[in-house]
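Engineer: Pasting the sequence and the predicted coordinates here, then a few questions.
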Amino acid sequence: MEQETMWILAVVALAIGILIGYLLGGSGRGDDQRKRLEEELNGSRTEMDRYKTEVAAHFQKTATLVNQLTEQYREVHQHLAKSADELCSDAKTRAALEDAFYPRLEKAVTDEAPASSPQPNPDSDGGAVQASPAPEAPRDYAPKKPEDPGTLSANYGLKKQPDDASTPPQPDPGLPETEVTDKPKA
């Protein structure tokens, strides 16, 4: 009988051990969670790849449209220039149109031609003389003299202080007279 009790206790202990192992180990829950996370990761990767493809396609289409727009603008500009040449036979009108269609940089005013010197205006009748304003330098620009130090030099902005021994200290003008004269003697 003792043998039989031992076998019963062994089987019961084995059953309890299996039950505890099943409850603590989750028995399959880890695999399910791992599979779910892998599927979620693969879904995120697929979505990211799709998004990258959409962005690349968007920018490629944008570049194509901008190139088409540039070409159409060029065609319109050429059409207007050609039409202006064909339809405007007057030299003054043609010169004005050329200035409008093909802008040029104007030469800077030199010392030989001051800004206030009158210049002929081609648009007016009879060659009347009209003063044209000269371009100004930017107002935030200050030219540097050759003998002045540059802003990157070590002593830029530093001024020499006068000798302190020759100048007596001056009282503060904001203090009342009584405070200036009633200084404690040290």
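Structural biologist: Thanks, I have it.

Engineer: What are the boundaries of the strands in this protein?
Structural biologist: Shown for the chain, the strands assigned by DSSP state E span residues 118-120, 129-131.

Engineer: can you tell me which of the ones you listed the model trusts least?
Structural biologist: Mean pLDDT values for the strands of the chain show the minimum at strand 118-120, a mean of 50.

Engineer: Flag the shaky bits of this protein, pLDDT-wise.
Structural biologist: Along the chain, segments meeting pLDDT under 70 span 1, 26-30, 101-132, 137-142, 157, 161-169, 176-186.

Engineer: For it, which segments are assigned as helices?
Structural biologist: Assignment of helices within the chain using DSSP state H yields the ranges 2-25, 29-87, 91-101, 177-181.

Engineer: With respect to residue 149, which of these lies nearest?
Structural biologist: helix 177-181 (39.4 Å; C-beta to C-beta). Where you see a C-beta, it was placed from the backbone N, CA and C, and this is true even at glycine.

Engineer: Give me the neighbour count for residue 66.
Structural biologist: Residues lying near residue 66 (other C-beta atoms under 10 Å) number 10.

Engineer: swap that for residue 93, please
Structural biologist: Residue 93 has 13 neighbours, counted by other C-beta under 10 Å.

Engineer: returning to what we had before: out of the helices of the chain, which is the most enclosed?
Structural biologist: Per-residue neighbour counts averaged over each of these give the maximum for helix 91-101, namely a mean of 13 (mean count of other C-beta atoms under 10 Å).

Engineer: for it, packing partners?
Structural biologist: Contact analysis of helix 91-101 by 3 or more C-beta pairs under 8 Å, 6 or more residues apart in numbering; DSSP states H and E lists helix 29-87 as its packing neighbours.

Engineer: what angle separates the helix it packs on from helix 91-101?
Structural biologist: Going by axes from the mean of the first three to the mean of the last three C-alpha atoms, to 10 degrees, helix 29-87 is angled at 170 degrees with respect to helix 91-101.
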